[in-house]
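# Take a look and give me a structure for this.
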Amino acid sequence: MLAVLLLWGGLAAARGPLYLWELRDGDGELRAWLYGTIHVCDAACFPLPPPVRAALAAADSLALELDPDDPQLGARLGQAGMLADGRQLDALLPFDLRMRLAAAAARVGLPERALQRMQPWMAGIVLSVRAAQQAGFGTDQGVDLWLARSARARGQTLWALETIERQIAALAAGGEAAQRAGLTEIITLIEDDAASDHFARILGAWRGGDVAQIDRVLRDESGDAETAPLLAELLDRRNREMADTIVGRLGPGRRPFIAVGAGHFGGPGGLLEVLAGRGFRLRQVEDENR
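Model prediction:
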């Protein structure tokens with residue numbers, strides 16, 4: 001589904017507040033930075049704004065959902081995304097959706113048979129990434145990857161907020177109806193040739209630090225009753241779990257730079273509200289040089 005990529009983007013130097021927050025404790029002491037990232041990007045995303053780079057340089061470590069350079073990541077995701085026992089994706093879909101899947105795959109230059117061994121969530125990711133590539137975006141220029149390599153170059157510790165298995169479980173969650181609905185959402189986007197407009201609105205919100213708008217797009221426009229169980233697992237439950245991990249790692253003298261997908265920030269179950277409920281103060285950062 002669309003929330004899987006969380007989020008696409010480009011042109012990071014736009015005007016307005018940044019998607020960056022200072023995380024302070026009840027006494028006002030700076031404990032961490034919290035940054036919303038986009039996983040699929042283009043060269044215009046870089047360089048990241050000066051306050052983001054300054055915060056990363058001042059941190060003692062970098063936390064990401066997962067380490068994008070983990071050599072096991074691709075293999076384990078790929079293995080989990082395959083259907084077992086020779087099953088075919090078509091067997092999980094109604095006839096009309098099979099036809100639409102084949103047409104959408106052809107439209108983004110994929111042989112339809114390449115998707116047949118995949119779980120619905122993996123087929124959705126593959127279709128999304130291919131559509132992104134056609135629009136000039138790629139995972140090789142994702143912000144998470146740049147942050148990880150920048151931190152390693154300066155000798156900072158990198159740690160993960162969750163395990164690969166946990167992320168796989170979230171991607172595969174919600175039940176069969178939610179999984180079909182998530183795949184249908186991506187197919188519809190390709191059919192309607194609507195990706196550019198859709199992600200332009202997301203991009204504008206990210207560039208302006210507009211958490212509420214991104215949350216509206218993900219939950220109201222990209223979600224419905226059928227996808228709600230999947231969103232609850234992908235976003236809400238993981239937000240609580242990641243908040244637990246963050247709080248547990250904020251020991252005395254520690255000051256990490258914490259970067260997660262921008263779609264995890266907004267709404268009643270978003271990281272900003274969850275961390276505020278744990279007694280932290282959050283201040284959104286602006287680029288004073290703009």
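# Now residue 201: which helix or strand?
helix 195-207 (DSSP states H and E).
# Show me the shaky parts of the stretch 51-200 of the chain.
137-141, 199-200 (pLDDT under 70).
# all helices for the stretch 51-200 of the chain, in order.
73-80, 95-107, 120-134, 143-153, 164-171, 175-191, 195-207 (DSSP state H, counting those that start in this stretch).
# what number of residues lie near the closest residue in space to residue 145 that isn't next to it in sequence?
Sequence neighbours aside, residue 68 is the residue nearest to residue 145 in space, at 4.6 Å (criterion: CB to CB, 6 or more residues apart in numbering). (Glycine included, C-beta is placed from N, CA and C.) Counted with other CB atoms under 10 Å, residues neighbouring residue 68 total 20.
# before we move on, back to that, gap between the helix or strand that comes right after the helix holding residue 201 and the chain center?
Using DSSP H and E, the next helix or strand after helix 195-207 towards the C-terminus is helix 211-216. Helix 211-216 sits 14 Å away from the centroid of its parent chain (CA atoms, centre = their mean, to the nearest Å).
# do stretch 245-265 as well
With CA atoms, centre = their mean, you get 16 Å for stretch 245-265.
# End to end on it, go ahead and measure it.
16 Å (CA to CA, to the nearest Å).
# chain center to the longest strand along the chain: distance?
Ranked by residue count and defined by DSSP state E, the top strand of the chain is strand 30-37. Distance of strand 30-37 from the chain centroid (CA atoms, centre = their mean) equals 16 Å.
# List the contacts of it.
For strand 30-37, contacts defined as CB atoms under 8 Å, 6 or more residues apart in numbering pick out 19-25, 52, 55-56, 59, 142-144, 147, 206, 211, 246, 250, 254-265, 271-272, 275, 280, 282, 285.
# List buried residues within these.
Neighbour counting by 16 or more other CB atoms under 10 Å classes 19-23, 52, 55-56, 59, 142-144, 147, 206, 211, 246, 250, 255-265, 271-272, 275, 280, 285 among the contacts of strand 30-37 as buried.
# among those residues, which are in strands?
Judged by DSSP E, the buried ones among the contacts of strand 30-37 include 20-23, 257-261 as members of strands.
# So which of the residues you listed is the closest to residue 74?
Using CB to CB, residue 261 comes nearest to residue 74 of those, at 18.0 Å.
# so the closest one makes contact with residue 40?
No. Here residue 261 does not reach residue 40: they are 10.6 Å apart, not a contact under CB atoms under 8 Å.
# Pull the number of nearby residues for the closest residue to residue 194 other than its chain neighbours.
Excluding the flanking residues, the one nearest residue 194 by CB to CB, 6+ apart is residue 188, at 7.9 Å. Neighbour count of residue 188, defined by other CB under 10 Å: 13.
# and the gap between residue 188 and residue 210?
Applying CB to CB, to the nearest Å, the value for residue 188 to residue 210 is 24 Å.
# Great, nothing more from me.
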